[in-house]
Structures are given as C-alpha cells and as structure tokens.
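Enquirer: only geometry, no sequence info:
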C-alpha cells in the first residue's frame, strides 16, 4: 500500500460525479444502514478481524514514508468528522506536501464505536499515499451508536494500532508515526480480551490495562486526542481531565470540528520541525483556510510545551511530552 500519489484534480472530479449522481459519498454506509441493524457489517476493506498488519512502507515513488493515522469516533454527533475529512482531504495533502512538512505522508483512516453495544465498533483502513483514501472514507459505516455514557472503545483501537501496524519510518529510520484520535468521550479502563477475540480475532489470555496499551502504542506513534470544546462531555470536565491525565499536552481542544484536517497538518509540521506555529498559521491563511484562529487556539499549548529535541529509547514524560520530539 502507499505507492500511488495524491491528485487534487481526481478528488474534485470524484466529488463532482458524486454530486451529479446524488451520492452522499458514503455509499457503503447508505447500503448497510438500509438493512436491519443485526445485518450491519464493516466493509471487508476496513474489517479488523483477521488482519495481520496494516503497513506503512517505503516505495520507489515514496522512499521516505511517514505514517499518519486518523481514527475518529462515529458515535452521536461525532459522525460529522468523516464528512469534514472527505471534503478537506486536499487541504491536508496540500499542507503536508506543497508546504514541505512531510516528503512522503502515508495516511490511514479508521473509525471507533463502542464494542459493548455497537454492531461495527472498529473499522481500520490501509496506509495510503493517494486517492485510495477516499475509498476507505466512503466505505466507513457511520453507525452513530454508542452506549449512552461517557466511554467509547478507543482502547480497542489503540490495541489494534499498537499490535497490528508496521511502519518503515520506525523500523528503518527510528521515527515514530503520528496517531490522531478524534473523539469526545473517555476510553474504557482496559482492553478486554473478549472484545479483542470478537472484533479483531486475537486470542488474549487476559485483559490489557489502558496505561499498558498506551505505553506500547507510544513506542510506535506520537498519540494525540482531538476533542471538541462544544460537546456536552467537554463541559462536564471529566473527559478532559481523563485525557489530560493520560496524554498531557497531547490533548488538543478544538473549538470547531471542521478544523480537524488543518489541525492535523500543522501538528505534524510542528512535530517534524518543518515549521513553528506562526509559520503554520500563515500557511493556512495563504492556502485560503478560515480556520487559522481555531488551529492557533488549539495548538498554542502544544507549541509552548515542545521543549528541546531529545533522543530517547524510552517513554519518559508519557503524560506530557511534545509532538515529534522523542525519536526512538
């Protein structure tokens, strides 16, 4: 995967065709949800069950791959996020590539629900460098479920990303990839062996605590949680405190979910030391984005806390090290 290249022209042609055909751009979702709920299934290309690894690998076309993963909550109001991503993919690639933040980004999209009650609690695509990403987005089931409390199965997604992905950026160059989780609730306290067997197919002897899977995950990725400030769960304070405790400044608070793409791009640019924050905000303005103020408010705490570059083989500062500063 990841040997093709992004084309903005192809993206716009696809969107124009979908508009003319009256398509939502999420045709698989539309087909699946027209059936009884007990028949809902993840698309085969996104079904995590039985997957060995999702790979981010170098190729002749992309010799310096960098893995960027974006997993979004599709429960409740969070279902608007993939639609925003679909619309703004050119902005994401434009900033990463044309502004020189990353030479060869390979992006993976996935979706998270609640394994205690949802029919499709986890969906994970491939790492792609080109317009195949639009296929993954279009095949996502926007279940809109959730358990009606303040937890979703983010920890199950973390388990998959920790144990079922392989990254050349890490294995060849000692550079972690980036993982962004977009959500508004807490993770459960442990990865449950039963849910792993049911959803992913691994046979675990016991549950894995959330701190343990986070530690494992952060050996492979810089992990961020992007949370909307307008959500009910943000206002009650518990969810924010939960992610601050586990991720420190890598909790990113967004006033507008439509700024997800821009926030991800600038965060990666900061982590790769291609820009400082003010340069990133100028790049947004130059690209015609109206989200510079939102991105600036979200990322200033992160930019202030980056500190000096350090080389590490451990995970010092688990609850608060900045993006991209520790290279394994």
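Expert: Yep, that arrived. Remember, predicted model here, so these are calculated numbers, not experimental data.

Enquirer: tell me who's in contact with residue 153.
Expert: Residues near residue 153 by Cβ atoms under 8 Å, 6 or more residues apart in numbering: 112, 113, 114, 115, 116, 121, 122, 187, 188, 195. Every residue, glycine included, has its C-beta placed from N, CA and C.

Enquirer: apart from its chain neighbours, what residue comes closest to it?
Expert: Distances taken as Cβ to Cβ, 6 or more residues apart in numbering put residue 115 closest to residue 153, at 4.3 Å, once the chain neighbours are dropped.

Enquirer: what about the one you found, distance to residue 97?
Expert: 36 Å (Cβ to Cβ, to the nearest Å).

Enquirer: can you pull out the strands in the stretch 101-250 of the chain?
Expert: For the stretch 101-250 of the chain, the strands defined by DSSP state E, counting those that start in this stretch cover 104-112, 122-124, 151-152, 165-167, 177-182, 186-187, 190-191, 208-209, 221-228.

Enquirer: show the average pLDDT along the second one.
Expert: Mean pLDDT, computed over strand 122-124, is 97.

Enquirer: residues in contact with it?
Expert: If you take Cβ under 8 Å, 6+ apart as the criterion, strand 122-124 is touched by 42-43, 46-48, 51, 54, 71, 108, 110-113, 115, 140-141, 153, 156-157, 160-161, 164, 199-200.

Enquirer: if any of these are buried, put those into a ChimeraX selection.
Expert: Only the buried members of those end up in this ChimeraX selection, burial being decided by 16 or more other Cβ atoms under 10 Å:
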select :42,43,46,47,48,54,71,108,110,111,112,113,115,140,141,153,156,157,160,161,164,199,200
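
Enquirer: show me the contacts of strand 122-124 that map onto helices.
Expert: Of the positions in the contacts of strand 122-124, 156, 157, 160, 161, 199 sit in helices, assigned by DSSP state H.

Enquirer: among the contacts of residue 153, which ones are buried?
Expert: Neighbour counting with 16+ other Cβ under 10 Å marks 112, 113, 114, 115, 121, 122, 187, 188, 195 as buried within these.

Enquirer: reformat the contacts of residue 153 as a markdown table; add distance to residue 220.
Expert: What follows is those, written out as a markdown table (distance: Cβ to Cβ, whole Å):
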| residue | distance to residue 220 |
| --- | --- |
| 112 | 18 |
| 113 | 23 |
| 114 | 24 |
| 115 | 22 |
| 116 | 26 |
| 121 | 22 |
| 122 | 18 |
| 187 | 17 |
| 188 | 21 |
| 195 | 21 |
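
Enquirer: hmm, back to that, for the ones in helices among the contacts of strand 122-124, which one is nearest residue 227?
Expert: Closest approach to residue 227 among the ones in helices among the contacts of strand 122-124 (Cβ to Cβ): residue 157, at 15.4 Å.
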